[in-house]
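Enquirer: After the sequence you'll find the predicted model.
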Amino acid sequence: MLITAEQIDRAVALLAPVMRRTPMVASRALSDACGHEVWLKCENLQRTGSFKPRGAYVRISGLSDEQRAGGVVAASAGNHAQGVAWSASTLGISSRVYMPTGASLPKVTATRAYGAEVVLAGEIIDESLAHAQQFADETGATLIHPFDHEDIVAGQASVGVEIAAQMPDVGTVVVPLGGGGLLAGLAIAIKMAKPDVRVIGVQAEQAAAWPDSLSAGTPTRATSMSTMADGIAVAMPGAVTFTHVAEFVDQVVTVSEDAISRAVLMMLERAKLLVEPAGAAAVAAMMNPVGLGLVGPVCAVLSGGNVDPLLLSHLTTHGLQAAGRYLTVAVTVPDRPGGLASLLELLRDTGASVVDVIHSRVSGELRLGEVQVTVSVETRGPDHQHLVRTALAEAGYPAE
């Protein structure tokens with residue numbers, strides 16, 4: 001069953017006093033990349049750092065007095081956990097959130113700070129969800145699903161309502177896609193206001209349940225769930241979200257891990273915005289827009305910005321490598337005075353900037369009088385990396 005205009009209007013009215021109307025920021029870098037005017041809808045600047053409290057607040061607001069007295073329970077590794085915790089506390093309702101034992105410490109700490117009782121249970125989110133369901137069954141607490149409920153979809157639809165108002169000439173909206181709550185709500189809200197707008201969902205290709213599901217005409221479980229974009233790593237679409245996406249979304253595409261990390265890096269460098277891997281999926285698609293069929297001015301939704309600082313350093317390095325701006329090579333040099341200096345001088349002459357050097361005499365493949373040097377350098381792109389590799393080879397350095 002599809003949500004109605006009345007449900008969306010109710011959600012917008014409920015959220016108006018408590019949600020931020022997140023800004024739209026122009027992106028010259030993306031405009032140049034795809035040949036269309038591009039604006040970013042910054043849900044990474046929403047309360048709790050993502051769009052999630054929109055749906056959670058609407059869902060929890062709709063509970064009866066009896067249900068409110070019983071509290072709410074949820075399972076999440078991050079953004080939904082914080083959205084439920086904040087929404088419940090704002091409405092004066094107790095909440096318990098089950099999180100995987102490997103959930104990042106900043107997300108666990110933030111969820112507790114928003115007022116939830118956090119229980120670490122299960123190695124993966126499906127196991128945490130089972131614990132949450134058991135708690136709901138035993139205590140009468142209401143389980144707040146992260147995406148598969150009409151109130152959740154109606155709450156997320158408020159993002160689409162804002163886009164239509166903030167960008168009246170929008171021609172295409174590109175949206176990260178996991179369970180489908182955001183895409184489902186946004187798509188129906190946009191199509192109600194502007195039926196000709198093109199709506200595109202973007203999944204990580206290593207955790208993509210939607211292409212097969214849409215082809216089969218029914219929610220289908222993904223066979224692989226291995227992506228840095230954990231916020232959109234959902235194994236199977238929900239029944240509610242599938243109905244809306246199948247009806248209102250024009251296209252679903254996937255993006256690689258390299259593309260996602262490059263998108264996170266672009267947002268940091270060019271837009272000065274901190275965006276998590278899942279939140280950058282739409283940007284990743286638009287950095288190489290072949291096949292997207294973009295129409296008119298484009299809005300890319302940045303769905304979240306909650307990144308573990310330790311993960312961010314790895315993401316930045318991965319993004320630099322994917323963009324051809326960071327190169328690590330292992331070379332064998334003579335173990336004599338000046339051997340390392342000669343290598344570093346060669347790299348200097350190519351214009352590469354040395355970041356790190358590891359010098360080792362311990363390797364089963366080294367001969368007497370040799371030493372292995374692993375050196376990491378900053379480069380200006382793929383062409384510059386080719387120049388560095390060529391210079392090493394011509395100088396007689398065996399490199400890996």
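Expert: Received the coordinates, thanks.

Enquirer: Do you have the helices of the stretch 201-350 of the chain handy? List them.
Expert: Here the stretch 201-350 of the chain has its helices, by DSSP state H, counting those that start in this stretch, at 210-216, 239-248, 257-266, 281-287, 309-322, 339-350.

Enquirer: For Ala69, which of those is the nearest?
Expert: Ala69 lies closest to helix 239-248 among the helices of the stretch 201-350 of the chain, at 26.2 Å (Cβ to Cβ). (Each C-beta comes from the backbone N, C-alpha and C, glycine too.)

Enquirer: mind exporting that closest one as PDB, just the C-alpha atoms?
Expert: Written as PDB, here are the backbone C-alpha positions of helix 239-248 (Å, rounded to 0.1, in the frame of the first residue of the first chain):
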ATOM      1  CA  ALA A 239       7.900  -5.000   1.500                       C
ATOM      2  CA  VAL A 240       6.800  -1.400   2.100                       C
ATOM      3  CA  THR A 241       9.800   0.200   0.600                       C
ATOM      4  CA  PHE A 242       9.900  -2.200  -2.400                       C
ATOM      5  CA  THR A 243       6.400  -1.200  -3.400                       C
ATOM      6  CA  HIS A 244       7.300   2.500  -3.400                       C
ATOM      7  CA  VAL A 245      10.600   2.100  -5.200                       C
ATOM      8  CA  ALA A 246       9.200  -0.100  -7.900                       C
ATOM      9  CA  GLU A 247       6.400   2.400  -8.500                       C
ATOM     10  CA  PHE A 248       8.200   5.700  -8.400                       C
END
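
Enquirer: Contacts for that helix, please.
Expert: The contact list for helix 239-248 (Cβ atoms under 8 Å, 6 or more residues apart in numbering) reads 1-3, 147-150, 153, 177, 179-181, 183-185, 187-188, 190-191, 199, 201, 210, 213-214, 217-219, 237, 252.

Enquirer: Buried deepest among the helices of the stretch 201-350 of the chain, which one?
Expert: helix 281-287 (a mean of 28; mean count of other Cβ atoms under 10 Å).

Enquirer: I'd like the mean pLDDT over it, please.
Expert: Average pLDDT, helix 281-287: 97.

Enquirer: Stretch 233-242 now?
Expert: pLDDT averaged over stretch 233-242 gives 93.

Enquirer: Same question for stretch 181-192.
Expert: Averaging pLDDT along stretch 181-192 yields 98.

Enquirer: which among the contacts of helix 239-248 end up buried?
Expert: Among the contacts of helix 239-248, the ones that count as buried by 16 or more other Cβ atoms under 10 Å are 3, 147-150, 153, 177, 179-181, 183-185, 187-188, 190-191, 199, 201, 210, 213-214, 219, 237, 252.

Enquirer: Comparing the helices of the stretch 201-350 of the chain by mean pLDDT, which bottoms out?
Expert: Among the helices of the stretch 201-350 of the chain, helix 309-322 carries the lowest mean pLDDT (a mean of 77).

Enquirer: by how many degrees do that one and helix 257-266 diverge?
Expert: 110 degrees (axes from the mean of the first three to the mean of the last three Cα atoms, to 10 degrees).

Enquirer: Show me what helix 309-322 is packed against.
Expert: Applying 3 or more Cβ pairs under 8 Å, 6 or more residues apart in numbering; DSSP states H and E, we find helix 309-322 packed against helix 257-266, strand 326-334.

Enquirer: Give me the subset of the contacts of helix 239-248 lying in strands.
Expert: Within the contacts of helix 239-248, residues falling in strands by DSSP state E are Val199, Gly201, Val252.

Enquirer: The last one bridge partners, please.
Expert: With beta bridges defined as DSSP bridges, Val252 has these partners: Gly201.

Enquirer: Now do it, the pLDDT please.
Expert: 98.

Enquirer: Let me know whether it touches Trp210 as I believe.
Expert: Yes - between Val252 and Trp210 a contact is recorded at 4.9 Å, counting by Cβ atoms under 8 Å.

Enquirer: Now for these two: what residues contact both?
Expert: Leu177, Gly201, Gln203, Val245.

Enquirer: Return the member of the residues you listed nearest to Lys52.
Expert: Closest to Lys52, out of all of the shared contacts of Val252 and Trp210 and judged by Cβ to Cβ, is Leu177, at 14.5 Å.

Enquirer: Distance check, the closest one against Val119.
Expert: Per Cβ to Cβ, to the nearest Å, Leu177 is found 29 Å from Val119.

Enquirer: now for the shared contacts of Val252 and Trp210, which pair is the farthest apart?
Expert: Maximum distance among the shared contacts of Val252 and Trp210 (Cβ to Cβ): 11.2 Å, for Gln203 and Val245.

Enquirer: Name the residues contacting each of those two.
Expert: Leu177, Trp210, Val252.

Enquirer: For the first one, which residues are in contact?
Expert: Each residue near Leu177 by Cβ under 8 Å, 6+ apart is listed here: Leu183, Gly201, Val202, Gln203, Trp210, Ile232, Val245, Val252, Ala281.

Enquirer: Which of the residues you listed sits closest to Ala29?
Expert: Using Cβ to Cβ as the measure, the one of the contacts of Leu177 that approaches Ala29 most closely is Ala281, at 16.6 Å.

Enquirer: Report the contact partners of the closest residue to that closest one other than its chain neighbours.
Expert: Closest residue in space to Ala281, ignoring its immediate chain neighbours: Pro176 at 3.9 Å, by Cβ to Cβ, 6 or more residues apart in numbering. By Cβ under 8 Å, 6+ apart, the contact list for Pro176 reads 182-183, 201-203, 229, 231-232, 278-282, 301, 303.

Enquirer: let's go with 7 Å and repeat that
Expert: Residues counted as contacts of Pro176 (Cβ atoms under 7 Å, 6 or more residues apart in numbering) are Val202, Ile232, Ala278, Gly279, Ala281, Ala282, Val301, Ser303.
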